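Enquirer: 3D, please:
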Amino acid sequence: MFYPKVYFKGEEKMKEEIQNAQMSEIATIGNVFFEPGKTFESLRQNPRFILGTIILCLLTFVFSISFAQKIGEEGYKRFFIEMNAKNPQISALSAEERERIIESQIKLTRLSNYFSPVFMVLYLAIGGLITWLVAKSMGSNASYLQSFCLWLYSNLPPGIVFTLANLIVLFFRPQSEINVIDQQKGLVAGNLSFLVSKDSPTLETLVASFDLFILWGWILFAIGLQKIAILSSASAWTITAVLFLIASSFKVISAFLFSA
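Expert: Just a heads-up that it's a prediction; the model follows:
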């Protein structure tokens, strides 16, 4: 009775591994929302990244162009006039020179919207590299492609939901209530930063670090480290917490220096 039972368990495990390895790329994108553990196991067996990367790049591009169309030339101009007024060097220039600077800033910003997919690919590539280096430092044999998929699919679910929610809000919100900085911060608040005074950008950035969409991504990252990098639960969650603190500290320090 003992041997058939062991054989049955081994057979079931083998069937599960084959099923995970054969998970299609479309199924991978859907399953990462509901069964991230099994999805990352499948990605370890068969790394797939093309469709997920295309989806994030396409959503980023659509939102960037839609935002630029919504805010319009006047919205950009109003923002840069206010920003340049805080710069003593620009304020000391003549009106014609200030106008030329503003025109250049608007053109550069509009141009950057068209390159938003390139920025997304660079973000994923660098994130995958950092993930790979971290995994290697912990003795994992995960490849760069597996690490790239780990980072990609950690960002995919919150990225899809966040961008779609922002597109909906962008469509219904009046132009007068939208600021250029909202393109980076987002129009949907998944945190309590709206309770903090705008005169305290450092504190606002700190509170915004504990955003539901951001935390969702880090939770998926910890799960991915366990399944793809084959790290223990304690190691995966410790590494994730450290990386989260480093990323949050960088944002807070940058906000402090910018405000100063």
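
Enquirer: check what pLDDT residue 111 gets.
Expert: Listed pLDDT for residue 111 reads 89.

Enquirer: what stretches of the protein score poorly on pLDDT?
Expert: Residues of the chain that meet the criterion pLDDT under 70 lie in 1-22, 259-260.

Enquirer: now the helices for it?
Expert: Listed in chain order, the helices of the chain (DSSP state H) span 2-21, 25-34, 36-45, 50-84, 88-91, 95-114, 116-137, 144-172, 182-185, 201-208, 212-227, 233-259.

Enquirer: out of those helices, which gets nearest to residue 193?
Expert: Nearest to residue 193 among the helices of the chain is helix 201-208; the distance by CB to CB comes to 4.1 Å. Using the backbone N, CA and C atoms, a C-beta is placed for each residue, glycine as well.

Enquirer: and the closest one, what's buried?
Expert: Buried residues in helix 201-208, counted by 16 or more other CB atoms under 10 Å: 201, 202, 204, 205, 206, 207, 208.

Enquirer: so what's residue 219 closest to, chain neighbours aside?
Expert: Take residue 219 and drop its neighbours on the chain: the residue closest to it by CB to CB, 6 or more residues apart in numbering is residue 240, 8.0 Å away.

Enquirer: contacting residues for the one you found?
Expert: Contact partners of residue 240, counting by CB atoms under 8 Å, 6 or more residues apart in numbering, are 218, 219, 221, 222, 225.

Enquirer: what about residue 225, how many neighbours?
Expert: A count of nearby residues for residue 225, using other CB atoms under 10 Å, gives 30.

Enquirer: can you tell me how far it is from residue 239?
Expert: Note on residue 225: its distance to residue 239, by CB to CB, to the nearest Å, is 6 Å.

Enquirer: what is in contact with these two at once?
Expert: Both residue 225 and residue 239 are contacted by residue 231, under the criterion CB under 8 Å, 6+ apart.

Enquirer: returning to that earlier point: ok, so of the contacts of residue 240, who is nearest residue 122?
Expert: residue 221 (18.6 Å).

Enquirer: how far away is the spatially closest residue to the closest one that is not a sequence neighbour from residue 48?
Expert: Closest residue in space to residue 221, ignoring its immediate chain neighbours: residue 154 at 4.1 Å, by CB to CB, 6+ apart. Distance, residue 154 to residue 48, using CB to CB: 15 Å.

Enquirer: and if you look at residue 220?
Expert: From residue 220 to residue 48 the distance is 16 Å (CB to CB).

Enquirer: show me which of these two is the more surrounded one.
Expert: Neighbours per residue (other CB under 10 Å) separate residue 220 from residue 48, with residue 220 holding more: 25 against 20.

Enquirer: now stretch 210-226: buried residues?
Expert: 211, 213-214, 216-218, 220-226.

Enquirer: can you check stretch 253-260 too?
Expert: Per 16+ other CB under 10 Å, stretch 253-260 contains these buried residues: residue 255.

Enquirer: tell me how far that stretch is from the chain's mean position?
Expert: Its chain's C-alpha centre and that of stretch 253-260 lie 21 Å apart, by CA atoms, centre = their mean, to the nearest Å.

Enquirer: send over it as PDB, restricted to the C-alpha atoms.
Expert: Extracted C-alpha coordinates of stretch 253-260, given in PDB (Å, rounded to 0.1, in the frame of the first residue of the first chain):
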ATOM      1  CA  ILE A 253      15.300  62.100  -0.200                       C
ATOM      2  CA  SER A 254      14.600  63.200  -3.800                       C
ATOM      3  CA  ALA A 255      11.400  65.000  -2.700                       C
ATOM      4  CA  PHE A 256      13.300  66.700   0.100                       C
ATOM      5  CA  LEU A 257      16.200  67.900  -2.200                       C
ATOM      6  CA  PHE A 258      13.700  69.100  -4.900                       C
ATOM      7  CA  SER A 259      11.700  71.100  -2.400                       C
ATOM      8  CA  ALA A 260      14.800  72.500  -0.800                       C
END
